[in-house]
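Trainee: Fold the stuff below for me.
(2 chains)
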Amino acid sequence: MPTHLLEQFSDALAAQAADVRGAVAAIRLSERRHLTGTLWRPDVAVASEQSLPKRDEFELVVADGSVVNAKLVGRDPGTNIAALRLARPVALPAFTSAEARSGALALAFGADGAGGVSVRMGIVNLAGPEWASSAGGRIDRYIVLDLRLARAEEGGPVLDAAGARLGITTFGPRAKVLVIPAATVERVVPALLKDGHIAHGWLGVALQPVAVPDALHSQAGQSSGVMVMSIVEGGPAAKAGIVAGDIVLTVNGTPTRSLRRIATHLASDSIGRKAELRVIRGGTVLSLQAIVEARPAA
Amino acid sequence: MSAQAAQRAAVRRLRISVRAEDPALLAELRRIIVEAGHDVVDAPEEADVIMHDAQAGAEAGFAAIKETEWRALLTPREIEVLSAIGEGLTNKAIARRLSISLHTVKFHIESLFRKLGARTRTEAVAKASERRLDV
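Mentor: The predicted model follows:
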């Protein structure tokens, strides 16, 4: 047992890297490129959806250096999680999951492509509240890490100082390193394994925030809304009689000032329910009813 | 030197703006550019070429829904102008389509650039599309 504090710290980091090795797999993309997958269960690996090629079968290089075939089970762009089922289970150390705390030490791991791990150390730069992604998913915590990551390391596990799983890494805009929290992975992976996708409510419109023309302020009762830019033929909004150019003021009584709030009105439990839309068209306000449908697979 | 040769020589000396998050990489790129006989400029709008590292330049990435500040909200007319820009229409063509004067088109475009924080027409279209929500 080394007596020097820094040496103890260093040894503890190296020991954690050795411990996590069994949970890290390289997802082969080509001869020279790979992405990192995190073994969440002995036969299930998760990866960053945005960077995983649209393929059904993958080869994973696991901790003993052997190659295991894996099939894509499902992908959810909303939470940026893809799940792969391994052809055979691998030995996986037991992990507990933990909540990230701002300022706490965080270790991010990547696959080196030959069964080993690469390691990044930083702190939790920010552990914020739940957030909504632009792809329409709900992420349990907004976690940013204060470290840099190589492209090949995306999707690897993030551990805290005690070795508990905080989640998996993913790139945000400008290569900011975000963590998809363990809680989100644990919520989404079972649904992907069961159904192959995560159902999202869908209206079939593209919306753009817009200022309500001054002349219509009093009639509309609000100064902003969202303009319907395009409409999917045969989609729920089209069936309800919405046309491009309509300015949507409220959805189920909630003003459309916030895109995030519109998104929360279209969670998976909204499917099949009525959505009451108040819109401005040609200078008058009218009310239309749409039935929310499940977003078709892309 | 013939006029043509002089023009070619002038064109070859490029003004390059460099963007990179890593200061070491930034310094190295600047050194390479100067060594190659080009000029490094700070303002991107003065540059012939904008060079950026793969990560710093990648606007893509898993991101939160962008909420628009009320001050930066576009008006319905501005959105019409923006759609026309997206289709590649010239200012004249936009004026004709929307039956407004060229002066008014320019006024709307100035306002669009200001609200979106855009410097070019392409950037304006890209920034506006970031505000779109497909539901």
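Trainee: pLDDT value on residue 12, please?
Mentor: In the absence of a named chain, chain A is used. According to the prediction, residue A:12 has pLDDT 95.
Trainee: wrong one, I was asking about chain B
Mentor: Residue B:12 is assigned a pLDDT of 73 by the prediction.
Trainee: Quick one: neighbours of it, just the number.
Mentor: Counted with other Cβ atoms under 10 Å in any protein chain shown, residues neighbouring residue B:12 total 10. From N, CA and C alone the C-beta is placed, and that goes for glycine too.
Trainee: And for the one 5 residues further on?
Mentor: Using other Cβ under 10 Å, residue B:17 is surrounded by 19 other residues.
Trainee: how close does it sit to chain A?
Mentor: As judged by Cβ to the nearest Cβ, to the nearest Å, residue B:17 and chain A stand 17 Å apart.
Trainee: Would you verify that residue A:45 is located in a helix?
Mentor: No. Counting by DSSP: H, G, I helix; E, B strand; the rest coil, one finds residue A:45 to be strand, located in no helix.
Trainee: Now do the same contact list for it.
Mentor: A:25, A:27, A:37-39, A:60, A:70, A:83-84, A:86 (Cβ atoms under 8 Å, 6 or more residues apart in numbering or on different chains).
Trainee: could you dump those to CSV with secondary structure?
Mentor: Putting these into CSV (three-state DSSP) gives the following:
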residue, secondary structure
A:25, strand
A:27, strand
A:37, strand
A:38, strand
A:39, strand
A:60, strand
A:70, strand
A:83, strand
A:84, strand
A:86, strand
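Trainee: quick one: contacts of the longest helix along chain A?
Mentor: When chain A is scanned for its longest helix (criterion: DSSP state H), the result is helix A:5-20. Here helix A:5-20 makes contact (Cβ under 8 Å, 6+ apart) with A:1-2, A:93, A:107, A:109, A:117, A:119, A:121, A:157, A:159, A:163.
Trainee: returning to what we had before: identify, from the contacts of residue A:45, the entry nearest to residue B:92.
Mentor: Of all the contacts of residue A:45, residue B:92 sits closest to residue A:27, with 51.7 Å by Cβ to Cβ.
Trainee: State which one residue of chain A is found closest to chain B.
Mentor: Closest approach between chain A and chain B, counting by Cβ to the nearest Cβ: residue A:175, at 3.7 Å.
Trainee: So, low pLDDT: which residues of the stretch 151-298 of chain A?
Mentor: For the stretch 151-298 of chain A, the stretches with pLDDT under 70 are A:298.
Trainee: My error: substitute the stretch 1-150 of chain A in the last question.
Mentor: Those would be A:1, if you go by pLDDT under 70 across the stretch 1-150 of chain A.
Trainee: now swap in chain B and tell me
Mentor: Those would be B:1-11, B:21-22, B:44-45, B:53-59, if you go by pLDDT under 70 across chain B.
Trainee: my guess is the residue of chain A closest to chain B meets residue B:61, correct?
Mentor: Yes. Counting by Cβ atoms under 8 Å, residue A:175 touches residue B:61, with 7.0 Å between them.
Trainee: now the contacts of residue A:45 as CSV including distance to chain B and neighbour count?
Mentor: Shown next, in CSV, are the contacts of residue A:45 (distance: Cβ to the nearest Cβ, whole Å; neighbours: other Cβ atoms under 10 Å in any protein chain shown):
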residue, distance to chain B, neighbour count
A:25, 21, 30
A:27, 17, 27
A:37, 17, 31
A:38, 16, 26
A:39, 21, 26
A:60, 22, 23
A:70, 22, 25
A:83, 16, 27
A:84, 18, 28
A:86, 25, 21
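Trainee: and residue A:4, how many neighbours does it have?
Mentor: A count of neighbours around residue A:4, defined by other Cβ under 10 Å, yields 9.
Trainee: Chain A contacts on chain B?
Mentor: B:21, B:55-56, B:58-68, B:70, B:73-76, B:79, B:83, B:128, B:130-135 (Cβ under 8 Å from any Cβ of the partner chain).
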